[in-house]
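# when you get a sec, could you give me coordinates for this:
(one chain, ligands or ions: 1)
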Amino acid sequence: MRRDFENREQLIDYVRTEFPEAAAVSDFVSDIRGGLAAAEQQFDAVDPVAYGRTRNSLDGAVTGLSPYLRHGVLGLAETISRVKQQVDSPQSAYKLLQELAWRDYWRRVLDEIGDDVWEDQEPYKTGFDADYYQDSLPDDFVNAETGNDFVDGVVRELHETGYLHNQLRMKIAAYLVHWRRVRWQAGAAWMLSHLLDGDLASNNLSWQWVASTFAAKPYIFNQENLQHVTCGRFTGADADGASPFADSYDELNARLFPGATPQ
Ligand SMILES: Cc1cc2nc3c(=O)[nH]c(=O)nc-3n(C[C@H](O)[C@H](O)[C@H](O)COP(=O)(O)OP(=O)(O)OC[C@H]3O[C@@H](n4cnc5c(N)ncnc54)[C@H](O)[C@@H]3O)c2cc1C
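Numbering: from 1, shown residues only. The predicted structure follows:
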């Protein structure tokens, strides 16, 4: 493959020509830059202390390191030790180190289970058997035409940027599996094919965690939490103003999982 390009446009044209099938699926070009210089620039902006305080918010100080870790531009062990050097004591970087440890953990699970990462690791704890869930993604979902500002906005964001904040990944996964009753495998394959940091271990095992096939209970969220973590960017409402995410957690659990055994 060619490696010498005069500018980014030339590189983009080359990739489009070499991978016409990919260009046909999605022709968006993400702002995320590849390469070591971009990775170093991204690392220089990391603030482990602010990360610990704000990482769950869409406006939070998340690192954007995942594409570089995924493609080996930055090594995981090297990144962990560089983060520790940035702070007075590892305690100050606790949250960031913990998240990097999750990455390591998922990778080790994948090493053990191999291709079974596509199989349910445990039964669903939702009160439904795996057969209850549909195998394919609904058309209105993939086309971002559900009418719900959160769902359509997140689908478009993933298609256009190749990146989603962790909270958006968790919530869109929960929507597909628990509100639309889609098997997590269909959602995982879709997300993996669009993410610039697409990683079999982190992706599939996180989907299984949301679905409850690798966790003690399903992950869900409500409208209040959605609006809070997305800093008001999404209302979570449908075109008619109603929201499938309204209600308390108790009410949502009763509605979504009527046959589940209480935890
Ligand atoms: C449904 C779902 C699918 C996911 N798919 C992927 C994927 O394909 N590739 C991928 O790299 N991550 C995946 N994640 C994990 C996480 O969402 C991303 O690593 C993170 O959002 C990447 O953005 P960041 O680098 O700004 O993260 P930050 O929040 O800044 O985190 C720093 C680093 O810690 C690691 N990390 C953070 N959160 C997690 C986590 N929950 N699990 C594992 N490692 C974590 C990542 O290496 C990340 O780069 C997924 C999570 C969910 C819920």
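
# got the residues of this protein near the ligand?
55, 62-66, 69-70, 99-100, 102-103, 106, 165-166, 169-170, 173, 191-192, 195, 197-199, 202-203, 206-207, 210 (Cβ under 6 Å from any ligand atom). Every residue, glycine included, has its C-beta placed from N, CA and C.

# straight-line length of stretch 226-246, end to end?
End-to-end distance for stretch 226-246, by Cα to Cα, to the nearest Å: 10 Å.

# ok, residues contacting it?
By Cβ atoms under 8 Å, 6 or more residues apart in numbering, the residues outside stretch 226-246 that reach it are 56-59, 146-150, 153-154, 167-168, 171, 179, 221-223, 252.

# what of stretch 255-263?
By Cβ under 8 Å, 6+ apart, stretch 255-263 touches 125-128, 178-179, 216-218, 220, 247, 253.

# helix, strand, or coil at residue 144?
Here residue 144 is recorded as coil under DSSP: H, G, I helix; E, B strand; the rest coil.

# ramachandran angles for it?
Main-chain dihedrals, residue 144, degrees, to the nearest 10: phi 50, psi 50.

# which SSE is the residue lying closest to residue 168 once chain neighbours are set aside in?
Of all residues not flanking residue 168 in the chain, residue 154 sits nearest, at 5.1 Å (Cβ to Cβ, 6 or more residues apart in numbering). If you go by DSSP states H and E, residue 154 is part of helix 149-161.

# got the buried residues for that helix?
The neighbour-count check on helix 149-161 (16 or more other Cβ atoms under 10 Å) flags 149-155, 157-158, 161 as buried.

# hmm, back to that, just the contacts of stretch 255-263: which are in helices?
residue 253 (DSSP state H).

# returning to that earlier point: Throw together a ChimeraX command that grabs the buried residues out of the contacts of stretch 226-246.
Per 16+ other Cβ under 10 Å, the buried members of the contacts of stretch 226-246 correspond to this ChimeraX selection:
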select :58,146,148,149,150,153,154,167,168,171,179,221,222,223,252
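
# all helices for the stretch 51-200 of the chain, in order.
Applying DSSP state H, counting those that start in this stretch to the stretch 51-200 of the chain gives helices spanning 66-70, 76-86, 94-113, 139-142, 149-161, 166-174, 184-194, 200-211.

# ranking those helices by burial, who's on top?
Highest mean neighbour count of these: helix 200-211, a mean of 23 (counted as mean count of other Cβ atoms under 10 Å).

# identify all contacting residues around that helix.
With Cβ under 8 Å, 6+ apart, helix 200-211 has contacts from 66, 102-103, 106-107, 109-110, 117-118, 120-121, 124, 126, 169-170, 173-174, 177, 184-185, 187-188, 191-192, 195, 214-215, 218-219.
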